[in-house]
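# return atomic coordinates for the entry below.
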Amino acid sequence: MLKKGSKLYSILNGSCPKCHYESMYMNSNPYVLSETLKMNERCSNCNTRYKIEPSFFYGAMYVSYGVGIAFAVAAFVISYLFFGSSLKVAFIAIVGTMIGFLPIILRLSRNIWINLFMNFDKELANK
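Just a heads-up that it's a prediction; the model follows:
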């Protein structure tokens with residue numbers, strides 16, 4: 001079980017990287033496509049500003065590439081190696097996975113990126 005205080009908790013839940021009190025995103029459902037990347041300006045608990053500087057999350061594009069590759073490899077392994085599908089079907093599974101999980105990949109990338117620059121603070125969490 002993931003506990004507050006770990007980076008993995010913040011990355012997987014999209015919670016504030018400093019206090020883990022609330023979600024960084026205005027809408028917790030990533031599949032509301034018009035709001036997938038809409039973020040709160042600050043945390044209501046610790047007042048941490050999420051956009052450290054203009055264009056801060058451009059770096060998340062590089063993380064997104066790696067996360068996308070991980071999802072694509074997982075889709076290939078599951079379809080081709082576990083189910084024994086043909087390469088064409090495995091390719092379709094990869095494309096379907098990438099399209100279906102795009103909102104998740106985008107948010108995970110942002111979560112990973114911001115957690116590279118911010119650390120959990122026990123004092124802020126106990127506010």
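# and the residue lying farthest from the centre of the chain, backbone torsions?
Ranked by distance from the centre of the chain (C-alpha atoms, centre = their mean), the top residue is Ser86, with 30.7 Å. Torsion angles at Ser86 (phi, psi; degrees, to the nearest 10) stand at phi -70, psi 170.
# Ser79 versus that one, what's the distance?
9 Å (C-beta to C-beta, to the nearest Å). From N, CA and C alone the C-beta is placed, and that goes for glycine too.
# what's the distance between the residue farthest from the centre of the chain and Ala93?
Distance from Ser86 to Ala93, by C-beta to C-beta: 11 Å.
# go on, Met118?
Counting by C-beta to C-beta - Met118 and Ala93 are separated by 35 Å.
# between the two, who's got more neighbours?
Comparing Met118 with Ala93 by other C-beta atoms under 10 Å, the one with more neighbours is Ala93, at 19 against 15.
# quick one: contacts for Tyr9?
Counting by C-beta atoms under 8 Å, 6 or more residues apart in numbering, Tyr9 touches Leu2, Lys3, Ser15, His20.
# give me the pLDDT for the residue found closest to the last one once you drop the neighbours it is linked to in the chain.
If I follow you right, that is His20. Leaving aside its chain neighbours, His20 sits nearest to Lys4 (4.4 Å; criterion: C-beta to C-beta, 6 or more residues apart in numbering). Looking at Lys4, its pLDDT is 85.
# next: Ala125.
Confidence score, pLDDT, at Ala125: 73.
# surely it and Ser10 touch.
No. Using C-beta atoms under 8 Å, Ala125 makes no contact with Ser10, being 11.1 Å away.
# which SS state does the residue positioned nearest the centre of the chain fall under?
The chain has Leu108 as the residue nearest its centroid, 1.1 Å off, counting by C-alpha atoms, centre = their mean. For Leu108, the assignment made with DSSP: H, G, I helix; E, B strand; the rest coil gives helix.
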